[in-house]
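Engineer: kindly generate the corresponding structure for this input.
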Amino acid sequence: MAMFKFNWRESRVPESKCPYCDKLQDGASSPDGYTPEPGHYAVCMNCASLLRFGENMELLPVLRDEINTLRNEEPEFLEKMELMQRAVRSLPRRPKK
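Structural biologist: Here you go, the predicted model:
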């Protein structure tokens, strides 16, 4: 497994629900110091699903075909996103109230 260096940047984004778990999101952080823009990828901090920002910065699902394209054309990027997904899944969960 490759080791990555991170330069975190946090940003506010328009409120949008994760299309998988309906959790309202209003922020994003990037391990590479990017400010999110339409077309950038994200990982839901609630369910760890891979998402993409739409034209209006709404959260969109990333479908299997798109993941396969990333796997073939940008395997290092997909590996980094999968690392983020594993990190989110490892976070302790708060009980629902």
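
Engineer: which helix in the chain has the most residues?
Structural biologist: Criterion DSSP state H: the longest helix present in the chain is helix 75-90.

Engineer: check which residues of that one are buried.
Structural biologist: Leu78, Lys80, Met81, Leu83, Met84, Gln85 (16 or more other C-beta atoms under 10 Å). Placement of C-beta: from N, CA and C, glycine included.

Engineer: residues in contact with the third one?
Structural biologist: With contacts defined as C-beta atoms under 8 Å, 6 or more residues apart in numbering, the neighbours of Met81 are Tyr41, Val43, Leu50, Leu70.

Engineer: the last one looks like it's in a strand, true?
Structural biologist: No: with DSSP: H, G, I helix; E, B strand; the rest coil as the criterion, Leu70 is located in helix rather than a strand.

Engineer: hmm, Lys80 and it touching each other?
Structural biologist: No: Leu70 lies out of contact with Lys80 (C-beta atoms under 8 Å); the separation is 10.5 Å.

Engineer: mean confidence for stretch 74-92?
Structural biologist: Mean pLDDT, stretch 74-92: 93.
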